[in-house]
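Turn this into a structure:
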Amino acid sequence: KMLNLTTVINQSNLSMLTRTSLSNTLVLISLLFLLSSCDRKKTGYVDVFKLVNEFELQKEYSDQAKRDMNTEKAAIDSAVFTEKLRNPSGYEKFKNDLYNNLYQKAEQRNKEIEAMIWKRLNPYLIDFGKENGYEYIYGANGTGNVLYADEHQDITEEIIKYVNQRYHDKK
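Next up is the predicted model:
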């Protein structure tokens, strides 16, 4: 069968129109997808324990606190030894009182260190979030704040590098 030339031209035009329409539709869908992905808010989470433990300032404070505690413990050991020689039957209460006092001081010092660490970390975390376009940064530490998150959202290492760099820059 012979096709009419007008029919072939019309089918060709229809095919071209369909391809152009399909192409335009794909471009529109791609554009909508791109716009919707730009609209998504950026979120991430941080392993809070790891962040604090690897923050250089925390390491410095903790090392100093350990040195101070060891110095005080050595003085207590010496005082306890002297008291034991002087009063062998009654030195236990003296020893217990001194060590309890030392541990209470250590506990108080740890709380002070934690407060100083967070006072320094919080502005760094805010700056990191703003500079990197985060709407939310969650703290994950296994206590119920974040029970599950995709590991691709874990920005702990990136933040550790950032806060330590900022800390060293401010020193």
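
Could you check the pLDDT of Thr82?
If you check Thr82, the pLDDT there is 93.

Which residue is the nearest non-sequential neighbour of Asp68?
Spatial nearest neighbour of Asp68, chain neighbours left out: Arg109 (7.7 Å); criterion: CB to CB, 6 or more residues apart in numbering. From N, CA and C alone the C-beta is placed, and that goes for glycine too.

quick one: secondary structure of that neighbour?
Put simply, Arg109 is helix when judged by DSSP: H, G, I helix; E, B strand; the rest coil.

Then Thr43?
strand.

burial count for Asp47?
When neighbours are counted by other CB atoms under 10 Å, Asp47 registers 20.

picking that back up, so who does the residue nearest to Asp68 touch?
65, 68-69 (CB atoms under 8 Å, 6 or more residues apart in numbering).

What's the PyMOL line that selects buried ones from the residues you listed?
For the buried members of the contacts of Arg109, the matching PyMOL selection, counting by 16 or more other CB atoms under 10 Å, is:
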select buried, resi 65
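
Name the helix or strand for Glu60, please.
If you go by DSSP states H and E, Glu60 is part of helix 56-86.

least trustworthy helix or strand in this protein by mean pLDDT?
helix 5-39 (a mean of 52; mean pLDDT, DSSP states H and E).

Report the central residue of this structure.
Val46 (2.7 Å; CA atoms, centre = their mean).
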